[in-house]
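>>> A structural model of the following input is requested.
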Amino acid sequence: MVFVNLFSGSLLYGKYYSRCHFPTSAAIGLHFYPIWEAASLMNGYTNGACYMGREWELSFRLGMRPWIAVAYSAPVAAATAVFLIYPMVKEAFLMDA
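I've put the predicted structure just below:
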């Protein structure tokens, strides 16, 4: 139902507000806050910047193989695709119309 509403609202009827689906600066700032406030990238990872870095640090300290960190790379890749790549491609596609 949501896809139909977005499709009919933005493409068929030309409603501009139906096309504006992008993360706000507040959401991006809150998500990347530990990285921005860290002295270095590794310091940001160990302070909880993202689950993948945190799990890698934990497995490294315990002498384990970092399979949990590899497993957490899927949500990181999905979030990157949804919040960074998809809005850019969608905007480029709508500019052609």
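>>> only C-alpha atoms for contact and neighbour calcs from this point on.
Noted.
>>> measure residue 80 to residue 90 for me?
Residue 80 sits at a distance of 14 Å from residue 90 (criterion: Cα to Cα, to the nearest Å).
>>> whoops, I mixed them up, residue 76
Distance from residue 76 to residue 90, by Cα to Cα: 20 Å.
>>> cool, residue 81 as well?
Plainly put, residue 81 is 12 Å away from residue 90 if you go by Cα to Cα.
>>> how about residue 75?
Counting by Cα to Cα - residue 75 and residue 90 are separated by 21 Å.
>>> residue 73 now?
Residue 73 is 24 Å from residue 90, by Cα to Cα.
>>> how about low-confidence regions in this structure?
Applying pLDDT under 70 to the chain picks out residues 1-58, 66-72, 92-97.
>>> again, only using 80
1-82, 84-97 (pLDDT under 80).
>>> please, which helix or strand holds residue 77?
For residue 77, the enclosing helix or strand under DSSP states H and E is helix 67-80.
>>> out of residue 73 and residue 90, which sits in the more crowded spot?
Neighbour comparison, residue 73 and residue 90: the larger count goes to residue 73, with 16 against 13 (by other Cα atoms under 10 Å).
>>> and residue 86, how many neighbours?
Neighbour count of residue 86, defined by other Cα under 10 Å: 15.
>>> any idea how far residue 78 is from it?
10 Å.
>>> distance of residue 59 from residue 77?
Counting by Cα to Cα, the gap from residue 59 to residue 77 is 20 Å.
>>> these two: who's more crowded?
Set residue 59 next to residue 77 and count neighbours by other Cα under 10 Å: residue 59 wins out with 16 against 10.
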